[in-house]
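>>> Got a predicted structure here, sequence first:
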Amino acid sequence: MVEEKVLIGVIGGSGLYHLDNLTFVKSVNPETPWGFPSSPITIASLPSGTKVAFLARHGVGHSINPSAVPGRANIAALKHLGVRVILAFSAVGSLREEISPGSFAIPTQIIDRTKGVRPASFFQDTSIVAHAMFGDPFSNKFVSWLEPRVRKALEAEGRGVQLFTDKCIVCMEGPQFSTRAESKMYRQWGGDLINMSVLPEAKLAREAELSYALIATATDYDSWRPQSEAVTAHEVFKTLKANADTSRLVAATILDELQAAIEGNDADVFLEEVGSMKFSIMPRSHKQNPADRKKLAYVLPEYFSGDETVDISSA
Ligand SMILES: CSC[C@H]1O[C@H](OP(=O)(O)O)[C@H](O)[C@@H]1O
Ligand SMILES: Nc1ncnc2[nH]cnc12
């Protein structure tokens, strides 16, 4: 029997370690060429039968620090399961007065302040070179599809949670929080939100040709407000549970519609990234190592499973 593919992946961040409002189906823990994912992946089902693959970014017991999250294994495992769309959640600091703790935001831009210690490409340490397009780091069409649905879900929930859109998120290395000077500088740079997790996740999703969007859930004001205490983990924890509860409700409300959209008339929305790596992978040369091609075939079978040449000369 051919197992049906799970099209939607959900990545939960701090506070969101399971979607226990959905029905547990099974747990899988695939070993990828980049090792095991952060946690076993839970396949869960909505009442309609829609199945989603859920992964806890820091492990179910929050034992993985942000710099050590196995991003490549996470994205590769989800893609290998058949996932085409990833909805990621993250606890973030707010760099803007109006984005109060408890608010939700869907960012469209990223400023990279990670320090190069996280493997950020499937092509790293291989003989194959690729330069993925990343000017729009989230899937624009998916983000546009998502915004009205998340807003509606938050309104229906009736807790007065506000949604902010078109925001810029700074991704810092951590694990320590920012200094006050850094926090103020990020505001001047145009940053609206800050976390330690959206990179390299978004880059890897792009390389895997997956639709990827982030729902950022604000927990604190970071450290830019002159009269306020600088952020502490204790401060973050105060909002974490309520944000996680809201995230679970939002997920349960929109995932059926997302599944129908991926399979139905809106399918094009989720195909934006499909084929994009064709223009990013440098043409095959005799120096490409067959073992590297095999490894990459796990996540990009479209280009690496056969012996065919990726030809960009006619592009
Ligand atoms: C617990 S505060 C810092 C921590 O929280 C965020 O995690 P996630 O994005 O997975 O929700 C942030 O990125 C840091 O990793
Ligand atoms: N202030 C902050 N800085 C970085 N990551 C965070 N996650 C939650 N709050 C954060």
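Arrived safely, thanks for sending. Ligands and ions are numbered 1, 2, ... in the order given.

>>> of all the residues in the stretch 201-315 of the chain, which ones are close to ligand 1?
Counting by C-beta under 6 Å from any ligand atom, the stretch 201-315 of the chain comes close to ligand 1 at A233, V236. In short, each C-beta sits where N, CA and C put it, glycine included.

>>> what do you get if the cut-off is 5 Å, keeping everything else the same?
V236 (C-beta under 5 Å from any ligand atom).

>>> For ligand 1, what is the nearest residue in the stretch 201-315 of the chain?
V236 (4.4 Å; C-beta to the nearest ligand atom).

>>> Apart from its chain neighbours, what residue comes closest to that residue?
T219 (4.4 Å; C-beta to C-beta, 6 or more residues apart in numbering).

>>> Buried residues in the one helix or strand the residue of the stretch 201-315 of the chain closest to ligand 1 maps to, which are they?
For V236, the element it lies in under DSSP states H and E is helix 233-263. Across helix 233-263, burial judged by 16 or more other C-beta atoms under 10 Å covers 235-236, 239-240, 242-244, 246-259, 261-262.

>>> Show me what the next helix or strand along the chain from it is packed up against.
Note on helix 233-263: by DSSP H and E, the next helix or strand toward the C-terminus is helix 290-297. On a contact count with 3 or more C-beta pairs under 8 Å, 6 or more residues apart in numbering; DSSP states H and E, helix 290-297 meets helix 301-304.

>>> List the buried residues in the helix it packs on.
Buried, per 16+ other C-beta under 10 Å, within helix 301-304: Y303, F304.

>>> other SSEs contacting it?
Using 3+ C-beta pairs under 8 Å, 6+ apart, helix 301-304 is in contact with helix 290-297.

>>> Any chance you could list what contacts the helix it packs on?
P33, F122, F123, T126, S127, I128, Y303, F304, S305 (C-beta atoms under 8 Å, 6 or more residues apart in numbering).

>>> average pLDDT across the helix holding V236?
Computed over helix 233-263, the mean pLDDT rounds to 93.

>>> again with stretch 100-113
pLDDT averaged over stretch 100-113 gives 98.

>>> Next, see if that stretch gets close to ligand 2.
No: contact of stretch 100-113 with ligand 2 (C-beta under 5 Å from any ligand atom) is absent, the minimum separation being 9.1 Å.

>>> Is there proximity between that stretch and ligand 1?
No: figure legend: stretch 100-113 not in contact with ligand 1 (C-beta under 5 Å from any ligand atom); closest approach 11.8 Å.

>>> Which of the residues in stretch 167-179 are classified as buried?
In stretch 167-179, counting by 16+ other C-beta under 10 Å, buried: K167, C168, I169, V170, C171, M172, E173, G174, F177, S178.

>>> Just the closest of the residues you listed to ligand 1, please.
For these, the nearest to ligand 1 is G174 (6.0 Å; C-beta to the nearest ligand atom).

>>> Quick check, the closest one in contact with V69.
No: with contacts counted by C-beta atoms under 8 Å, G174 stays clear of V69, the gap being 10.8 Å.

>>> the helices in this structure, which residues?
Here the chain has its helices, by DSSP state H, at 71-80, 140-157, 180-189, 198-207, 233-263, 290-297, 301-304.

>>> Quick one: those as CSV, columns for distance to I99 too.
CSV is the format used below for the helices of the chain (distance: least, C-beta to C-beta, whole Å):
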stretch, distance to I99
helix 71-80, 26
helix 140-157, 14
helix 180-189, 12
helix 198-207, 16
helix 233-263, 12
helix 290-297, 39
helix 301-304, 39
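
>>> and of those helices, who's closest to A213?
helix 140-157 (4.8 Å; C-beta to C-beta).

>>> Which strands and helices lie in contact with that closest one?
Contact partners of helix 140-157 among helices and strands, from 3+ C-beta pairs under 8 Å, 6+ apart: strand 104-113, strand 163-172, strand 211-220, helix 233-263.

>>> Could you export these as TSV, including distance to S27?
Converted to TSV, these look like this (distance: least, C-beta to C-beta, whole Å):
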stretch	distance to S27
strand 104-113	28
strand 163-172	29
strand 211-220	23
helix 233-263	18
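
>>> out of the ones you listed, nearest to I43?
Once the helices and strands packed on helix 140-157 are compared by C-beta to C-beta, helix 233-263 is nearest, at 12.9 Å.

>>> Taking their axis directions, the closest one and strand 211-220 sit at what angle?
160 degrees (axes from the mean of the first three to the mean of the last three C-alpha atoms, to 10 degrees).

>>> Show me what helix 233-263 is packed up against.
Here helix 233-263 touches strand 8-12, strand 85-94, strand 104-113, helix 140-157, strand 211-220, going by 3+ C-beta pairs under 8 Å, 6+ apart.
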